[in-house]
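Chemist: Let me see the structure of the following:
(2 chains)
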Amino acid sequence: MKATNLLIPTLKEAPQEAIIDSHILMLRAGLMKKLVAGVYTYLPLGLRVLNKIENIIREEMNFAGGQEILASAIQPKELWEESGRWKKYGPELIRFKDRHNHEFCLGPTHEEIFTDLVRNIIKSYKSLPLNIYQIQTKYRDEIRPRFGLMRGREFIMKDAYSFDIDELGLEKSYNNMYHTYEKIFTRLGLNYKIVLADTGSIGGNVSHQFMALSEVGESQIIYCPTCNYAADEEKAFSLLEKETKLDELKLEKVSTPSIKTCQDVAKFLNVELKQVAKTMIYYETERKEFSAFVLRGDTEINEIKVINILNSSEAFVRLATDEELENAGFKVGFIGPKDLKCKIYIDNEIVKMSNLIIGANELDYHYINANFKRDFDGIVCDLKKSKAGDICPFCGAKLKSERGIEVGQIFKLGTKYSSSMHCSYLNNEGKQSDMLMGCYGIGVTRTFASIIEQHHDENGICFPLQVAPYHVVIIPISYSDEIQKELADNIYEILKKHKVEVILDDRDLKPGFKFKDWDLIGIPYQIVVGRKANENIVEFKTRQTNVKEEVNYLIAIEKINKLIENL
RNA sequence: CGGGAAAUAGCACAGCUUGGUAGUGCACCUGAUUUGGGAUCAGGGGGUCGCAGGUUCAAAUCCUGUUUUCCCGACCA
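Modeler: Next up, the predicted model:
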């Protein structure tokens, strides 16, 4: 491709709308253009990269036994009502009616569609297992789209769904996808970590996320540097330093006038913050039910864990307000697990402590020397938010944290959709049985942004060869110079013949301008044809390392051919 | 949806306080000189100043409403 025929709307300045590097660079390099918030037009160079990413995913999915199909983004309301998500999904689901007043949505994900497809086609265990996928546009009316492709309202996702006859089959399908994802993200040149994840609104019981490591990531990863434990902060489980059990002292009620917060209580009674147990009351709005959660004063509660323990959904669980508490007879600021009239959940760190301070459920009073079992009871579970510095529950090392961009997530759905939507098969005994499903997503456009986030420098993008829009650019210093033109043209023709994706920068521009452009766009290799053109010598530059060497043009061509071969 | 900021040429911004001819740099077009890291000179094109209403002889500027965008929190690939 000749540069004069290519749409390369590079920008010298960063558009005001962009904050993070990948977003700025994608706009500056002319890879895409914003249409409205969270919706972009992919320009020629950007689309080439996108296609390459998709093709790598496609190759690996096919290799793993997946079969590609393509569903519509338009989905009928009826299927969503069957799964129960038409009500649950909320305003993020873009809904509309056709002229006959039939209701539809633009698919944010495709569990319903794929489940419906399979239940209509597959009748026998003989046709299972099955893994079908698509690479397709998804729509989510995000509250706040941001960071360009990181969180768009329209984005491209590869979504795969597996259907198996039993747990063992699901396990196999899940592991297959797990390893396929490892291959995909490795091939894409991403530095990533695999973490245990919460299943959120998709549902199911087991899930892993694939996180591209990056400062700008919206997820916090907790991981162990010694063993392999890694989890999303929402899901992470950790321990605190060991506590030695002390002799249980006598429970005593002490006056703590108007002293409500853990910090104040600790200060007032002159003890460490961790000796004070806090009792938080959550309200489940669907069942209109209060529940108490007891944690050490120096730890934070993880609300995802609360929602899961209550077996509810995010839409229905929140901290009770002071007003609600007062009306229900709770003494705000002095609530404690002793003699409390609601279900009580106790964080496992509390169990290891002795002689705690707890609220007395009486205005201006706390108990000191409260001990689990002897003075209060409840269901012991894991409630606290894990953070760096906590102890790894598996090997005892200190946990670390890192930020990540979620580029993929895999779920074991089990029968969540197959039972509600009657996706079943006849087994070898002629009995009807629900299929076991898994679903597996990759945010393709987000992966695109992540690659740039991990591969750029102060001059622009440094695309890994396998996803670069073109492999090499030939830059004649002066294309109007006959000798340079002839050599540049010659190299261009040879590389084209060798199926190398090559750009010839035939623009009549100052050399500096061209260099800046290609550095910004991040073409991996540059062949500069300059004053030594008469000796057939060119400069071969590697974008990633910025290493330049002067070589005969045939050697440069040879080098490129070798690099392409290894792809 | 809460909290903050902004909207003027393709991009970045000034002008607004104190109302009176629509501006600068980059980009774009023409010509000349330039050609190894975003050139110089000369000339030129491009704007209903987000939209609607109000105040005024007169509004980019003041007032009211509205829409959109960006940033911080809850969602998620």
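Chemist: What would the worst-scoring helix or strand of chain A on mean pLDDT look like as CSV? C-alpha coordinates only.
Modeler: Sorting the helices and strands of chain A by mean pLDDT, DSSP states H and E puts helix A:85-88 at the bottom, at a mean of 81. Extracted in CSV, the C-alpha atoms of helix A:85-88 (Å, rounded to 0.1, in the frame of the first residue of the first chain):
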residue,chain,number,x,y,z
ARG,A,85,-33.0,-11.6,32.8
TRP,A,86,-35.4,-9.2,31.1
LYS,A,87,-36.3,-7.9,34.6
LYS,A,88,-32.9,-8.4,36.2
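Chemist: Contacts for that helix, please.
Modeler: With contact meaning CB atoms under 8 Å, 6 or more residues apart in numbering, helix A:85-88 is reached by A:77, A:80-81, A:93, A:105, A:112, A:201, A:313, A:315. Where you see a C-beta, it was placed from the backbone N, CA and C, and this is true even at glycine.
Chemist: Next, format those as a markdown table and append secondary structure and pLDDT.
Modeler: Formatted as a markdown table, the contacts of helix A:85-88 follow (DSSP: H, G, I helix; E, B strand; the rest coil; pLDDT from 0 to 100):
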| residue | secondary structure | pLDDT |
| --- | --- | --- |
| A:Lys77 | helix | 94 |
| A:Trp80 | helix | 92 |
| A:Glu81 | helix | 92 |
| A:Leu93 | coil | 88 |
| A:Cys105 | strand | 92 |
| A:Glu112 | helix | 94 |
| A:Ser201 | coil | 65 |
| A:Ser313 | coil | 74 |
| A:Ala315 | helix | 70 |
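Chemist: and the residue lying closest to A:Ile156 once chain neighbours are set aside, how many neighbours?
Modeler: Of all residues not flanking A:Ile156 in the chain, A:Val444 sits nearest, at 4.2 Å (CB to CB, 6 or more residues apart in numbering). Per other CB atoms under 10 Å, the neighbour tally for A:Val444 reads 22.
Chemist: Kindly report the same for the one 4 residues further on.
Modeler: Using other CB under 10 Å as the criterion, A:Phe448 is surrounded by 29 other residues.
Chemist: any idea how far it is from A:Arg151?
Modeler: Distance, A:Phe448 to A:Arg151, by CB to CB, to the nearest Å: 13 Å.
Chemist: re the thing from before, who are the neighbours in contact with the residue nearest to A:Ile156?
Modeler: By CB under 8 Å, 6+ apart, A:Val444 lies in contact with A:50, A:53-54, A:57, A:135, A:155-158.
Chemist: picking up where we left off before, check which helices and strands the next helix or strand after the least confident helix or strand of chain A sits against.
Modeler: Later in the chain than helix A:85-88, the nearest helix or strand by DSSP states H and E is strand A:94-97. With contacts defined as 3 or more CB pairs under 8 Å, 6 or more residues apart in numbering; DSSP states H and E, strand A:94-97 has these neighbours: strand A:103-106.
Chemist: what are the C-alpha coordinates of the strand it packs on, in CSV please?
Modeler: Output in CSV follows, covering the C-alpha atoms of strand A:103-106 (Å, rounded to 0.1, in the frame of the first residue of the first chain):
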residue,chain,number,x,y,z
GLU,A,103,-40.0,-5.8,22.1
PHE,A,104,-36.4,-6.5,21.5
CYS,A,105,-33.0,-5.7,22.9
LEU,A,106,-29.5,-5.3,21.5
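Chemist: re earlier: show me what counts as buried in the least confident helix or strand of chain A.
Modeler: By neighbour count with 16 or more other CB atoms under 10 Å, helix A:85-88 contains the buried residues A:85-86.
Chemist: and if you look at stretch A:280-287?
Modeler: Residues A:280-284 are the ones in stretch A:280-287 that count as buried (16+ other CB under 10 Å).
Chemist: surely A:Lys387 meets A:Ile222?
Modeler: Yes - assessed by CB atoms under 8 Å, A:Lys387 is found in contact with A:Ile222 at 7.1 Å.
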